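Asker: give me a model of this one.
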Amino acid sequence: MSFCRSLFAFCFVFVVSLVGCGGGGGGGSSACAALKINGGESCSEGAPTVVAVDVAYTDNTGFGCSGTLISQTAVLTAAHCFEKPVSTVTVGSVSFVAGASAVYKHPLYRGVLNGFDLAIVKLAQPVPVGPTPILLSAAPAPGSEVIAYGYGLDEQGRGPLERLEQGDSALKATKLTFTAGGLFYQAASNGAGNICKGDSGGPLLAKNEDGAWGIIGVTSFSTNLSNTVRCVPISAGAIATYWPVQSPDAYAFIRSHVPDVAIN
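Answerer: Model (predicted):
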């Protein structure tokens, strides 16, 4: 059984609640989750509509990523989650499980080191949660605080189901410091937390001048991660790399497949 279906079944039986599973879209989208991603900090506000993305390949292997609902029928995630031929894609949280009807990778994607690590998963039917907006009204400034989300492993090596079984939240978050823009966005740990395996495709959020949160980037890669090092070491200055969604090429791709994308 896939993680998404297992997650839904687990929460249905045990009535476990995930902070922010109803999302928040529009101008009021908040950006805090109950549990930390690889260290990080906890906070009490709601979370964006982040989902787990289960990818089954035609060679009977699979891959787990994270993603964000940007409309009720579309998930924004990373293109590298779909580098092999895909059999099925399932997305879900504790509030729903949905199958995909199509996957679209950015046409300029040629591997994570070449950029445009963006993909859209179209859902077979609308889901009953609100979307998280793309932030177009502001760009992050170096030194500003941003927040990353994901369903990947935590610093203890626990996956989302194990966290739920132990009374924690499946979704994780961490505060990072925006350090640089350009071809890729980079965000650095302050020594409190960073990303892990399985967080690929999850959102990087920032605030605009009105205090409204929105997605500025999608988790792409970290040079610190490998098959044996599954979490970026929690040390000041450790870098996580994101593909920006605010560039004209990125936003045009998103709008071409999701004309009703939420915007802040």
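Asker: show the subsequent helix or strand relative to the strand or helix carrying Ile215.
Answerer: Assessed by DSSP states H and E, Ile215 sits inside strand 213-221. Scanning forward in sequence from strand 213-221 by DSSP H and E, the next helix or strand is strand 239-244.
Asker: C-alpha coordinates for the helix or strand that comes right after that following strand, PDB please?
Answerer: As assigned by DSSP H and E, the chain's next helix or strand after strand 239-244 is helix 248-257. Presented in PDB, the C-alpha positions along helix 248-257 are these (Å, rounded to 0.1, in the frame of the first residue of the first chain):
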ATOM      1  CA  PRO A 248       8.600  34.400 -16.100                       C
ATOM      2  CA  ASP A 249       9.500  30.900 -17.500                       C
ATOM      3  CA  ALA A 250       8.400  29.100 -14.300                       C
ATOM      4  CA  TYR A 251       5.200  31.100 -13.800                       C
ATOM      5  CA  ALA A 252       4.200  30.800 -17.500                       C
ATOM      6  CA  PHE A 253       4.600  27.000 -17.200                       C
ATOM      7  CA  ILE A 254       2.500  26.900 -14.100                       C
ATOM      8  CA  ARG A 255      -0.300  29.100 -15.600                       C
ATOM      9  CA  SER A 256      -0.300  27.100 -18.800                       C
ATOM     10  CA  HIS A 257      -1.500  24.000 -16.800                       C
END
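Asker: what residues does helix 248-257 touch?
Answerer: Helix 248-257 has contacts (Cβ atoms under 8 Å, 6 or more residues apart in numbering) with 70, 74, 76, 104, 106-108, 116, 118, 120, 122, 134, 136, 243-245, 261. Just so you know, the C-beta spots here come from the backbone N, C-alpha and C atoms, and that holds for glycine as well.
Asker: buried among the residues you listed? Make that a PyMOL selection.
Answerer: With 16 or more other Cβ atoms under 10 Å as the burial test, the buried ones among these are selected in PyMOL as follows:
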select buried, resi 70+74+76+104+106+116+118+120+122+134+136+243+244+245+261
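Asker: out of the contacts of helix 248-257, which sit inside strands?
Answerer: Ile70, Ala74, Leu76, Tyr104, Ile120, Lys122, Trp243, Pro244 (DSSP state E).
Asker: so the fourth one sits against Lys122, correct?
Answerer: Which is Tyr104. Yes: counting by Cβ atoms under 8 Å, Tyr104 touches Lys122, with 7.3 Å between them.
Asker: just to revisit the earlier point, now do the strand holding Ile215 against strand 119-123, angle only.
Answerer: With axes from the mean of the first three to the mean of the last three Cα atoms, to 10 degrees applied, the angle from strand 213-221 to strand 119-123 works out at 120 degrees.
Asker: state the distance from Thr219 to Pro128.
Answerer: With distances taken as Cβ to Cβ, to the nearest Å, Thr219 is found 26 Å from Pro128.
Asker: pick out whichever of those two has more residues nearby.
Answerer: Neighbour totals were compared for Thr219 and Pro128, and Thr219 leads with 29 against 9 (other Cβ atoms under 10 Å).
Asker: residue contacts, the more buried one?
Answerer: 66, 78, 148, 150, 195, 199-204, 240-242.
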